[in-house]
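Colleague: build the 3D model from these lines:
(2 chains)
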2 protein chains.
Amino acid sequence: MIRHTVMFNLRHAKGSLMEKSFLRDADVLATIPGVKSFEKRRQVSAKNEYAFSFAMQFDDQKAYDVYNTHPKHVTFVRDRWNKEVAKFLEADYEAL
Amino acid sequence: MIRHTVMFNLRHAKGSLMEKSFLRDADVLATIPGVKSFEKRRQVSAKNEYAFSFAMQFDDQKAYDVYNTHPKHVTFVRDRWNKEVAKFLEADYEAL
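Modeller: Numbers count the residues shown, from 1 in each chain, chains lettered A, B, ... in the order given. Purely as a prediction, here's the structure:
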């Protein structure tokens, strides 16, 4: 099992309609086959500069690869993520 | 519900007994009242410089505060974390 996460900041103003739109439309990622336990989260620690995080799980690397190359993911990254996200940090986890 | 996470690197060599000792002894954190879903994870994305992560959940800020000030946590931070961790990044999440 792989837990894929990304912390990020948007270019949009806090609480703006553009912010809400991005966070809402990201739900498309949860519809991609193999994506499990999709979560959208607010980052609230003052020790961390990021404002949001998405997290999801894949059964294995094959499912992760399907996600990465899926047209819904590629389109979301091209049309939304690359234009609306100011900064991000990905992390992938496997249980110890 | 608050999800508390920390990504970190150890000063110890990869695969060393010191590394194993730190990761094993961190289990003490899971015994602190209010800590739920404690997870120890390896960070495997090449896009991220950290090697490990701990994650846990608290029902609310009060439970988080109990953890932060609990002697087991304070002792672990003082005697192990501050001496053996080279770099870290905390993040706390609330569901959107």
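
Colleague: switch to C-alpha atoms for all contacts and neighbour counts from now on
Modeller: Noted.

Colleague: around chain B, pick out the residues from chain A.
Modeller: Taking Cα under 8 Å from any Cα of the partner chain as the criterion, the neighbours of chain B within chain A are A:39-45, A:47-48, A:53, A:89-96.

Colleague: and these, which are buried?
Modeller: Buried members of the residues of chain A next to chain B, counted by 16 or more other Cα atoms under 10 Å in any protein chain shown: A:39-44, A:53, A:90-94.

Colleague: what residues are up against the residue positioned nearest the centre of chain A?
Modeller: For chain A, the residue nearest the mean C-alpha position is residue A:54 (3.8 Å; Cα atoms, centre = their mean). Contact criterion Cα atoms under 8 Å, 6 or more residues apart in numbering or on different chains gives A:5-7, A:38-41 as the residues in contact with residue A:54.

Colleague: can you give me the strands in chain A?
Modeller: A:2-10, A:36-43, A:52-58, A:85-95 (DSSP state E).

Colleague: give me the spatial nearest neighbour of residue A:13, chain neighbours excluded.
Modeller: Spatially, and ignoring its direct neighbours in sequence, residue A:13 is nearest to residue A:19 (7.0 Å; Cα to Cα, 6 or more residues apart in numbering or on different chains).

Colleague: gap between that neighbour and residue B:3?
Modeller: Relative to residue B:3, residue A:19 is positioned 22 Å away (criterion: Cα to Cα, to the nearest Å).

Colleague: and what of residue A:94?
Modeller: Looking at residue A:94 against residue B:3, where the rule is Cα to Cα, the gap reads 17 Å.

Colleague: cool, residue A:93 as well?
Modeller: Residue A:93 is 15 Å from residue B:3, where distance means Cα to Cα.

Colleague: ditto for residue A:83
Modeller: Using Cα to Cα, one obtains 28 Å as the distance from residue A:83 to residue B:3.

Colleague: higher neighbour count, those two?
Modeller: Looking at residue A:83 and residue B:3 with other Cα atoms under 10 Å in any protein chain shown, you find the greater number of neighbours at residue B:3, namely 22 against 12.

Colleague: what's opposite the nearest residue to residue A:53 once chain neighbours are set aside in the beta bridge?
Modeller: Spatial nearest neighbour of residue A:53, chain neighbours left out: residue A:7 (4.2 Å); criterion: Cα to Cα, 6+ apart. Beta bridges link residue A:7 to residue A:53, residue A:89, judged by DSSP bridges.

Colleague: residue A:7: neighbouring residues, count only.
Modeller: By the measure other Cα under 10 Å, the count of residues near residue A:7 is 21.

Colleague: again, but for residue A:82
Modeller: A count of neighbours around residue A:82, defined by other Cα under 10 Å, yields 11.
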